[in-house]
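[1] Generate a structure from the sequence data that follows.
(2 chains)
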Amino acid sequence: MGESSSSADTPLWAVVELDHFRTPEQTQASQWRRSLRSASTWLVGKNSAEQQVKEENELRALPEVKLAHIVPPIDWAPAAKALAQQLNGLEAPVAFFITPPHCGHVSVVRQWAELQHFTCLPPPTLSELTEGGAQWVERFANQREWAVTALERYFLRHTQGIQGVREFLERALSGRLGQGVIGCNSWTYAYLQEVIGIEGAPVFTLQSMEGEQLSHYFAKIAAYEGQSPLVYSTRTGKPVLAESATQSNDKAPNNDKTPNKELQRLAAHCRGHIGLAWHYWRERLREPTSDDEEALWLVDALAEAELSTDTGDIATLVLHALLIHGGLDDHSLGQVLPFSHHEALNARLALQRKGIVSSNDGRWQITPLSYASVRQLLESRNYLVDPL
Amino acid sequence: MDEQQKYARLFNDIDSQTLITLGMVLLSTIVLIIVSQRGLNWLATRLHGQVRFRIFALVPLTRLLILITALAIIVPIVIEPSLRNMVTLLGALGLAIGFAMKDYVSSLIAGVVSAIELPYRPGDWVNIEGTYGEVKHVGLRTVDIQTPDDDLVAVPHLKLWDHAVYNANNGGTSLQCVASFYLHPEHEAGWVRKALRDVALTSAYLKFDKPVIVVAEEKPWGTHYRIRAYPVDPRQQFLFITDLTVRGKTVLNAAGVQSAMLPPDAALDARNAAESSY
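    Below you'll find the model as predicted:
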């Protein structure tokens, strides 16, 4: 994918073809910074934080209630509408909508399906996948308008586990299953493209956001009676949110010409993915310990759980398997890895202790704050990575 | 008397100051070589991917540069660097080498050639005269190869002159692995081919930017299948082959495909063929 996105005038929720996805400005610089930080940690131990305008011990975490008001969950409805616009008039029998983990493809496709009155297909059970049959595909034979919200639930990376999804995609791509939209984790998409070959189907994704767009978005969701809270960076001491959060349309402000370096750094770090940036924003907001101050502070946004450069092969394989499957439970994890269940369990426990993976509905996933460093590690070791 | 004066002119006056200078240069050279070799090796073993191989390739090259620099400093201190003196010195050296230390010096020269031509670098997987393993160290006279059985074999660089060097990854991260399956002649070959391809495509170790090929070869005793594929990291080659073999057997057994019963001589041939295909 290309390096820099074009302008701040693009809508916040732009759904684009995969070929048109562009990472934000300074993404490469952000990767170099991460490598440098990782190398210095490795050489001289845990390095002290950068010079701070506001010390972290003068701040405390926000109460959950306040946090829920300032950083409410992302409403994916605008993205679903943008997807509907893109799919309007599309001739192909199947279209893909892909995003990285934690970036909303499930919600977007589900909301799109509700808007269009398409049926969401249920995923096969684990036993259906491990048996290797394609009987579960027959259940979809009578559907003419359907949506799959998470294709990563339709396969397992072993010889039996890919037979069903191969049959399903062959039927879907040939038009035998009618019209459908498939939501898919970007890592699953990369893997299935190599294993099954899904070229030819249109693939859409959310365009990346620049720092200015993030600033506008965070100000808008935190606004109360048209006023957004003041948030300062502990690193620079400067405000990080766009001044005006009252604009009703979904356009990024183009009257503010001062670049927002803190959020541009965040955008570059998250490769422009709003879902990841939202998690950083939520985790890193603080309020002063003294009650006479009202302003909020954003602590160093990029000090995430980092993977050391000497991460072993077993841990790396566990991380890759989790990404390709969009999360797995312990039982399934043992089935897709080339070592025993207890070795897989030990590796997963070690990663959990470091805060690299966490459980979500019984499935172990890479935590949002670790995703960037995990992706960079896997890319540096020549593992298959996603196109986003 | 004339002869003595002639030799005296060949070498400079060696006083205590010169000796101290020579000692300092030699000491610095040794320290620099040790530090650079250990430092670069230490760094490279902790890295992955292409960067690892680039740093490994610097190890012999750095040593060569330090040695040349040291020689360039030492020779003018000891010898008056005139054409006549150099011819005399090189002649004497040539005689000594020709009679006494031919193989040793040949290895040293081959070591210099290996640092420039790079037929093997630390991190490469090579086969020299039947010794297969990972190059751990490229020394002045020998290359140290660690075999899969954890033996460290020192092979003189001298072998470069008249023996083939098989380099499986040639300074890169791509190393082809082969997993063999010997099957009874009665089976559905098309299905087996697809199944073995799926076995490779679902391996956690597979490198996806290289092709996966299943080769079938008909033999008098049955069919010999080979999966040719690449692991993500050359160091994973044995784990990768094991993974392909174990899961391949599971899939074939579950489908009722029987292994070929090889006669002893054919079994020996097959084993040799499998070993030579590394």
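
[2] Up against chain A, what does the stretch 101-250 of chain B have?
    Residues of the stretch 101-250 of chain B found near chain A (C-beta under 8 Å from any C-beta of the partner chain) are B:173, B:195, B:198-199, B:201-205, B:207-209, B:232-233, B:236, B:239, B:242-243, B:246-247. C-beta here means a position set from N, CA and C on the backbone, and glycine is covered the same way.

[3] what about the stretch 151-278 of chain B, any weak spots by pLDDT?
    Low-confidence segments of the stretch 151-278 of chain B (pLDDT under 70): B:263-278.

[4] what about the strands in it?
    Counting by DSSP state E, counting those that start in this stretch, the stretch 151-278 of chain B has strands at residues B:152-156, B:165-167, B:177-183, B:213-219, B:222-229.

[5] Redo the ones you listed as CSV? Include mean neighbour count.
    Output for the strands of the stretch 151-278 of chain B, formatted as CSV (neighbours: other C-beta atoms under 10 Å in any protein chain shown):
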stretch, mean neighbour count
strand B:152-156, 16
strand B:165-167, 17
strand B:177-183, 21
strand B:213-219, 14
strand B:222-229, 21
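
[6] Out of these, which is closest to B:Leu58?
    Closest approach to B:Leu58 among the strands of the stretch 151-278 of chain B is made by strand B:165-167 (17.7 Å; C-beta to C-beta).

[7] In its sheet, which strands sit next to the closest one, and in what direction?
    Counting by DSSP bridges, the strands paired with strand B:165-167 are strand B:125-128 (antiparallel).

[8] Tell me the first helix or strand C-terminal of the strand it pairs with.
    Using DSSP states H and E, the next helix or strand after strand B:125-128 towards the C-terminus is strand B:131-138.

[9] Can I get that next one as CSV, trimmed to CA atoms?
    Presented in CSV, the C-alpha positions along strand B:131-138 are these (Å, rounded to 0.1, in the frame of the first residue of the first chain):
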residue,chain,number,x,y,z
THR,B,131,29.1,-32.0,5.7
TYR,B,132,25.7,-30.2,5.9
GLY,B,133,25.0,-27.6,8.5
GLU,B,134,24.8,-23.9,9.4
VAL,B,135,27.9,-21.8,9.0
LYS,B,136,28.7,-20.5,12.5
HIS,B,137,32.0,-18.8,11.9
VAL,B,138,34.2,-18.0,9.0
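
[10] Show residues contacting that strand.
    Contact with strand B:131-138 is made by B:41, B:59-60, B:111, B:114-115, B:120-126, B:143-148, B:151-153, B:155, B:234-235, B:278, as judged by C-beta atoms under 8 Å, 6 or more residues apart in numbering or on different chains.

[11] which among these end up buried?
    B:41, B:59-60, B:111, B:114-115, B:120-126, B:143-145, B:153, B:155, B:234-235, B:278 (16 or more other C-beta atoms under 10 Å in any protein chain shown).

[12] okay, now the residue of the stretch 51-200 of chain B found nearest chain A: neighbour count?
    Using C-beta to the nearest C-beta, the closest approach of the stretch 51-200 of chain B to chain A is made by B:Asp198 at 4.7 Å. By other C-beta atoms under 10 Å in any protein chain shown, 23 other residues sit near B:Asp198.

[13] Can you classify the spatially closest residue to it that is not a sequence neighbour by secondary structure?
    In this structure, B:Asp198 finds its nearest non-sequential neighbour in A:Thr159, 4.7 Å apart by C-beta to C-beta, 6 or more residues apart in numbering or on different chains. At A:Thr159 the chain is in coil, as set by DSSP: H, G, I helix; E, B strand; the rest coil.

[14] and if you look at A:Leu263?
    Recorded secondary structure, A:Leu263: helix (three-state DSSP).

[15] Pull the contacting residues for it.
    Contacts were defined as C-beta under 8 Å, 6+ apart; by that measure A:Leu263 touches A:211-212, A:214-215, A:218, A:240.

[16] Could you rerun that using 6 Å?
    Counting by C-beta atoms under 6 Å, 6 or more residues apart in numbering or on different chains, A:Leu263 touches A:211, A:214-215, A:240.

[17] Next up, the contacts around A:Ser358.
    A:Thr367.

[18] and residue 106, how many neighbours?
    Let's take chain A. Neighbours of A:Val106 (other C-beta under 10 Å): 21.

[19] actually chain B
    17.

[20] need the residues of the stretch 51-200 of chain A near chain B, please.
    The stretch 51-200 of chain A comes close to chain B at residues A:157-159, A:194-195, as judged by C-beta under 6 Å from any C-beta of the partner chain.

[21] what about burial for those residues, which qualify?
    Buried residues within those, defined by neighbour count using 16+ other C-beta under 10 Å: A:157-159, A:195.

[22] Turn the residues you listed into JSON lines, columns for pLDDT.
    Listed next are those as JSON lines, based on pLDDT from 0 to 100:
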{"residue": "A:Arg157", "pLDDT": "94"}
{"residue": "A:His158", "pLDDT": "89"}
{"residue": "A:Thr159", "pLDDT": "91"}
{"residue": "A:Val195", "pLDDT": "93"}
